[in-house]
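Participant: Take this sequence and fold it.
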Amino acid sequence: VDDETPDRIQIVAGVHNRSDPNGVIREVDYIHIHPDWSSSSMERRHDIAMLHLSQPLGLASNPLLARICVPNVQWPDDVDTYPGNGTRVAALGWGNIKRDVFDNSPANMHQG
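Facilitator: Residues are numbered from 1 along each chain as shown. Below is the predicted model:
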């Protein structure tokens, strides 16, 4: 979402494949990019943004959608609430699948 405006972004929720026509589509009305993000950094640290949707997703009426829990962690006081070293976790997304190649997003969501 770097260098994008909210009116140029839509989200699709409830799908595994980006071409699935059954997703819930919403417009974005606000983008909050991590304050320490730098597109010029080769490390790609802080590569995260939050998108505020113009309408709710309707979680109660759609079985394909669910909430996720995001821990409230205040560094360094609550660091013990993070998963411990060696804990298996999952990351999901359609992000780039090759290092330093930024135009090859897959059609299907990946889990790693």
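Participant: what packs against the longest strand anywhere in the chain?
Facilitator: The longest strand of the chain (DSSP state E) is strand 24-33. For strand 24-33, the elements it packs on are strand 10-13, strand 49-53, judged by 3 or more CB pairs under 8 Å, 6 or more residues apart in numbering; DSSP states H and E. Backbone N, C-alpha and C define where each C-beta goes, glycine included.
Participant: strand partners of the shortest one, parallel vs antiparallel please.
Facilitator: Each strand pairing with strand 10-13, determined using DSSP bridges, is listed with its direction: strand 24-33 (antiparallel).
Participant: returning to that earlier point: and of the helices and strands packed on strand 24-33, who's closest to residue 41?
Facilitator: Nearest to residue 41, of all the helices and strands packed on strand 24-33, is strand 49-53, at 14.9 Å by CB to CB.
Participant: For that closest one, buried residues please.
Facilitator: 51, 53 (16 or more other CB atoms under 10 Å).
Participant: outside of it, which residues touch it?
Facilitator: With CB atoms under 8 Å, 6 or more residues apart in numbering as the test, strand 49-53 has contacts from 1, 6, 9, 11, 26-34, 37.
Participant: So what touches the longest strand of the chain?
Facilitator: 1-2, 4-7, 9-14, 48-55, 57-58, 62, 64-65.
Participant: What residues sit buried inside that strand?
Facilitator: Under 16+ other CB under 10 Å, the buried positions of strand 24-33 are 24, 26, 28, 33.
Participant: Now these in TSV, please, with extra columns for distance to residue 41 and pLDDT.
Facilitator: Shown next, in TSV, are these (distance: CB to CB, whole Å; pLDDT from 0 to 100):
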residue	distance to residue 41	pLDDT
24	33	90
26	30	93
28	24	94
33	13	88
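Participant: Throw those into a markdown table and include distance to residue 109, thanks.
Facilitator: Shown next, in a markdown table, are the buried residues of strand 24-33 (distance: CB to CB, whole Å):
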| residue | distance to residue 109 |
| --- | --- |
| 24 | 15 |
| 26 | 17 |
| 28 | 19 |
| 33 | 22 |
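Participant: Could you give the number of residues near residue 22?
Facilitator: Applying other CB atoms under 10 Å, we find 9 other residues in the vicinity of residue 22.
Participant: Many thanks, we can stop here.
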